[in-house]
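got a sequence here, can you model it:
(chains A and B)
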Number of protein chains: 2
Amino acid sequence: MSNIKPTIPSGTRDFSPDQAKKRNFIFDTLKKIFELHNFLPIETPAMENLNTLLGKYGDEGDKLIYRILNSGDFLKDLPDELWQTKDAKKWTEYLCDKGMRYDLTVPLARYVVMHRNEINFPFKRYQIQPVWRADRPQKGRYREFYQCDVDIIGTDSLLAEIELISLVDEVFENLQLSITTKINNRKILQGIAFWLHLKDNEFINFTTILDKLDKIGLDGVLDLFKNENWDIEKISKLKELIDFCSNNDNWTEKINYLDSIFKNNEIGIAGLNEVKFIFNNLNSIQLQNKQILDITLARGLNYYTGTIFEVVCDEVPIGSICGGGRYDNLTALFGLDNVSGVGISFGAERIYDVMEKINKFPENIINENKVLIINFGENYLSYCLPILSSMRQANIKVDLYPDDAKIKKQFNYANALNYKYVIIVGEDEIANDEVSIKNMISGEQVKISKNNIISYFKI
Amino acid sequence: MSNIKPTIPSGTRDFSPDQAKKRNFIFDTLKKIFELHNFLPIETPAMENLNTLLGKYGDEGDKLIYRILNSGDFLKDLPDELWQTKDAKKWTEYLCDKGMRYDLTVPLARYVVMHRNEINFPFKRYQIQPVWRADRPQKGRYREFYQCDVDIIGTDSLLAEIELISLVDEVFENLQLSITTKINNRKILQGIAFWLHLKDNEFINFTTILDKLDKIGLDGVLDLFKNENWDIEKISKLKELIDFCSNNDNWTEKINYLDSIFKNNEIGIAGLNEVKFIFNNLNSIQLQNKQILDITLARGLNYYTGTIFEVVCDEVPIGSICGGGRYDNLTALFGLDNVSGVGISFGAERIYDVMEKINKFPENIINENKVLIINFGENYLSYCLPILSSMRQANIKVDLYPDDAKIKKQFNYANALNYKYVIIVGEDEIANDEVSIKNMISGEQVKISKNNIISYFKI
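Residues are numbered from 1 along each chain as shown, chains lettered A, B, ... in the order given. Modelled structure (predicted):
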């Protein structure tokens, strides 16, 4: 037997019981609301074929995919000419066929294409599973983390967007977090680019810079556009637009402003109509949180083609805790065209950090109504075991301390593990068919008849 | 955009909604009972350092561990002398630092040692996570599958065994599977080996052959012992013992028989006393399923040192669906001695197969009381959306078909996805502040006032 001082890989984590319970609370809440909206669960394997994963996340993404070494003689397929190169990058494809899931979106596209004949579209699916990225670990960034994705595939109806916005609202209402959902549309951004006479190939760069607004402010963004050799007129037009919109909470006024500048701007007008439809119909449902039109919201990912969303927490400025949008061609990656979808992803890790920071986890996640029966030794077992068993039949969370250790040790254990009650059975109790119950929080102790235990805890 | 016909790695699976729901039912039931017994959840990373994993599962096991290729220039640490060998086996340790979790037991031992200062012993933990093995895929054997483990670490009290036996009973009662828990003790097997005058180094082989009893029968097992050059007397002694025990359901008679042959047999007598304690105290609790003493139960794993268990389904002869035992030195692998533990692992995949085969999944897992609101177009949204929203506030699983597709298509969708009700809102309904509700199973259709919808579904 070796004697290694054990560690875990950098960027990964163990979750101890209190953390695991809090994480489960978040996952369970998400699931509950997803299922209330009739989303269906799916699961995909942790390992995907590398040809499913590669080329979907850009060159940087490809580098961050964990590769699984082929089993057995993994060198056998390496071409002779590569032996001389010692070039790890070129070797990889011969050594590895499989990689670890990098997100849940590409596996979803792959799943939809593979299972298209058994799926009833529109396909409302949710998926909560870990993903892995060979990123440099840093605060809040891990190499293994969970994604919680909800998508509606196979419809271009904007009611799908409304469905996701109300889902977001209910999730955070249930988590007791006050949030704001920022809504925009890639077509509005295209309309703005058209209005500014940007060339098609400047669009991605335009959205990438705009996306930095939260981090570097308007002046910072405008400076970056200056560096791109934008003329003064363009910059002042954009500044005026952004100024107007950021000083205005009223979505209709923003839409009117955009309407007034989007002349002969087909794509821009299409985007405005979509946003109008969404906000108008949101009026018909009772939402607890704010939705705002944020025309500067860009979202990094270029596969979005319509509505985009991002959710921020009103109380903790931690960045986006949820985001998504509409994509028109996701499954085309795998040969299935014309399948529009819209999806949103909840950032469970950040939601956890926010809830921890402002103390939003319900008290009873850790302090459940748990009961511990104190163990006074073998002679008491035939009295205590039936009590244990009948309490469990009544769904009371109870266990018996396994050793007849010193009573102080057993009470310390009950305290440390947040047991709310302990049951004490000594000779007196047995003689009178009773038990003593101590409330570990109030310190109060009562003696009750053995027959009344269930009703005592059930009240 | 490439156009690959997508596949998934051999031995892995996608879980479609109906399968995922049934799997979740099993996991949720396990969790519910684990928590009723005050077991605490932990999670460990999918990737562990290879030095944590290697050498723990035997040479065969080591070969089945998936290795993760190091990121970046994974060839840089390869010693010059190895370049010539092209020996994949020798290369691996320089190319890979991490491997994928092979079971939950070694990560538990690693966890307990790393976190020993924050754990309150006895540590009752459960863990439900996937593991990966580079095994040859075949029917019922996968490369990714879930393990569901429960362990009590840090006590040698036999009450821990009783706790697990009653946990097993409640789990299968909740899954509505009738099962038998076979119980034995490695010390009894050692006692039998002593009685047969086997040498110490013959013990492992003895248990390995005995373990095949279920598969090849008593004659087959005795033949294997003949091949080991056992003399006639030994074989007939063993045959007589096994015959007596397998024709006898009464644990006390088996114990008495063993008592009579275990003269001056310290280890055997210790095993008998443990088993007696367990069966005597099981009498004090109400269990729904059978427990039997099976003195031929051996369990393959040699780290067991005391009680061993195995659970079989009474209705489907699929082999063991749950198994475990006591180990006295698990954490010693990582330098922490004298920590006794006992654990049990539920085979979720086999439990799934059994429940599917004999139709034990509750009907309402798939056929929930889901409601679909039929979409008749934009004009009806301001009437339907508030209904949708208020039904969800009342926790009714409802959604609105996103497109105003042909009504037949929408009804087909409701049927295919097992919606129990559809809500129909036409001009008449709006004029009278009503909705029509169709029960998709009975075909019955009713018109009710809009204000009575919640109470209609809540009854």
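
ok, which residues in the stretch 101-250 of chain A are in contact with chain B?
By Cβ under 8 Å from any Cβ of the partner chain, the residues of the stretch 101-250 of chain A that approach chain B are A:110-111, A:113-115, A:118, A:120, A:122, A:124-125, A:130, A:132, A:134, A:143-144, A:152, A:155, A:157, A:159-160, A:162-163, A:166, A:170. All C-beta spots, glycine's among them, are computed from the backbone N, C-alpha and C.

mind doing that once more with 7 Å?
Residues of the stretch 101-250 of chain A that fall close to chain B, judged by Cβ under 7 Å from any Cβ of the partner chain: A:110-111, A:113-115, A:118, A:120, A:122, A:130, A:134, A:144, A:152, A:155, A:157, A:159-160, A:163, A:166, A:170.

pLDDT below threshold where in chain A?
Within chain A, the set of residues satisfying pLDDT under 70 comprises A:1-4, A:301, A:459.

just the helices in the stretch 51-200 of chain A please.
Using DSSP state H, counting those that start in this stretch, the helices of the stretch 51-200 of chain A run over A:58-63, A:80-85, A:88-95, A:105-114, A:159-174, A:186-195.

buried ones in the first one, by neighbour count?
By neighbour count on 16 or more other Cβ atoms under 10 Å in any protein chain shown, the buried set for helix A:58-63 is A:61, A:62.

pull that helix out as CSV, backbone CA atoms only.
Taking C-alpha atoms only, helix A:58-63 is exported to CSV below (Å, rounded to 0.1, in the frame of the first residue of the first chain):
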residue,chain,number,x,y,z
GLY,A,58,-13.1,28.4,-32.6
ASP,A,59,-9.4,27.7,-32.4
GLU,A,60,-9.2,28.8,-28.8
GLY,A,61,-12.0,26.5,-27.8
ASP,A,62,-10.5,23.5,-29.6
LYS,A,63,-7.4,24.0,-27.4
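
how about residues contacting the lengthiest helix in chain A?
As assigned by DSSP state H, the longest helix anywhere in chain A is helix A:17-36. For helix A:17-36, the external contacting residues (Cβ atoms under 7 Å, 6 or more residues apart in numbering or on different chains) are A:15, A:126, A:128, A:148, A:150, A:167, A:170-171, A:174-175, A:346, A:348, A:351-352, A:361, A:365-366, B:40-43, B:392, B:395, B:397.

for ChimeraX, what selects the buried ones among those?
Those of the contacts of helix A:17-36 that count as buried under 16+ other Cβ under 10 Å are selected in ChimeraX with:
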select /A:15,126,128,148,150,167,170,171,174,175,346,348,351,352,361 /B:40,41,42,43,392,397
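
out of the contacts of helix A:17-36, list just those in strands.
A:126, A:128, A:148, A:150, A:346, B:40, B:41 (DSSP state E).

widest-spaced pair of those residues?
Spatially, the most separated pair among the ones in strands among the contacts of helix A:17-36 is A:150 and B:40, at 29.5 Å (Cβ to Cβ).

related to what we said a few turns ago, ok, so of the ones in strands among the contacts of helix A:17-36, who is nearest residue A:457?
Of the ones in strands among the contacts of helix A:17-36, the one sitting nearest to residue A:457 (Cβ to Cβ) turns out to be residue B:40, at 20.3 Å.

what's the neighbour count on the residue nearest to that closest one when sequence neighbours are not counted?
In space, and not counting its chain neighbours, residue B:40 is closest to residue A:17: 3.6 Å by Cβ to Cβ, 6 or more residues apart in numbering or on different chains. Residue A:17: 21 surrounding residues under other Cβ atoms under 10 Å in any protein chain shown.

tell me how far residue A:17 lies from residue B:343.
Relative to residue B:343, residue A:17 is positioned 16 Å away (Cβ to Cβ, to the nearest Å).

would you check that residue A:418 makes contact with residue A:366?
Yes - contact status for residue A:418 versus residue A:366: in contact at 5.7 Å, counting by Cβ atoms under 7 Å.

show me where the stretch 151-300 of chain A has its strands.
Assignment of strands within the stretch 151-300 of chain A using DSSP state E, counting those that start in this stretch yields the ranges A:179-185, A:290-293.

out of those strands, deepest packed?
strand A:179-185 (a mean of 23; mean count of other Cβ atoms under 10 Å in any protein chain shown).

packing partners for that one?
Using 3 or more Cβ pairs under 7 Å, 6 or more residues apart in numbering or on different chains; DSSP states H and E as the contact test, the elements touching strand A:179-185 are helix A:159-174, helix A:266-282, strand A:290-293, strand A:304-313.

what does the third one contact?
Among residues not part of strand A:290-293, those counted as contacts by Cβ under 7 Å, 6+ apart are A:165, A:180, A:181, A:182, A:183, A:184, A:249, A:251, A:254, A:275, A:279, A:282.

can you give the domain ranges for chain A?
A:17-357, A:367-458 (automatic domain parsing).

check those domains for me and report the most buried one.
Comparing the domains of chain A by mean neighbour count (mean count of other Cβ under 10 Å), domain A:17-357 comes out on top with a mean of 18.

quick one, which of the helices and strands packed on strand A:179-185 gets closest to residue A:412.
Here helix A:159-174 is closest among those (Cβ to Cβ), at 35.6 Å.

helices or strands up against that closest one?
helix A:17-36, strand A:144-153, strand A:179-185, helix A:266-282, strand A:320-327, strand A:341-346.

just want the angle from the longest helix of chain A to strand A:341-346.
Inter-element angle recorded for helix A:17-36 and strand A:341-346: 160 degrees (by axes from the mean of the first three to the mean of the last three Cα atoms, to 10 degrees).

tell me the angle helix A:17-36 makes with helix A:159-174.
Using the same axes, to 10 degrees: helix A:17-36 against helix A:159-174 is 140 degrees.
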